[in-house]
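Chemist: here is my input; please provide its structure:
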Amino acid sequence: MNDFYLGQNVNYDGHLGYVNFIDEKYITVCIRELNQHNDSPPVDKRNMRQVCLLVFPNEWHKVTPTPQKVINRISTENAEIVENIK
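Modeler: Predicted structure coming up:
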C-alpha cells in the first residue's frame, strides 16, 4: 500500500482534493463538500454531502501529494460576527 494518510491533500487526474478513506483495495479522494439544505432529508449526522472519487491500486501512481494549504471546510454562511470591545 502507498503512503497515503487521511486528510492528505492530493491531485488525482487533475482533481484537487484530500484522501478521505484508505483501504488496500481502494482509496477515496474527496473533491467537494456541500452543506445539506434544511429542507433536504438527512443524509448523515454531519449534514454534509461529499463528492468523492474511488481510486483503485492500478491508478495510485496518478495520485500526487499537493502542498498543504489552509482550507475552511466549514461554511460560515450563518455565522455571527462577534467583536471584543475593550
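
Chemist: so where is the protein shaky, pLDDT-wise?
Modeler: Scanning the chain for pLDDT under 70 picks out 1, 36-46, 69-86.

Chemist: mind running it again at 80?
Modeler: The chain contains residues with pLDDT under 80 at 1-2, 35-48, 68-86.

Chemist: what about the strands in it?
Modeler: 9-12, 15-22, 27-35, 48-55, 63-65 (DSSP state E).

Chemist: nearest to D3, of those?
Modeler: Between D3 and those, the shortest gap by C-beta to C-beta is with strand 63-65, which sits at 9.2 Å. The C-beta positions use only the backbone N, C-alpha and C, and glycine is treated the same way.

Chemist: who touches the closest one?
Modeler: Under the contact criterion C-beta atoms under 8 Å, 6 or more residues apart in numbering, strand 63-65 has outside partners 2, 4, 8-12, 27, 29, 55.
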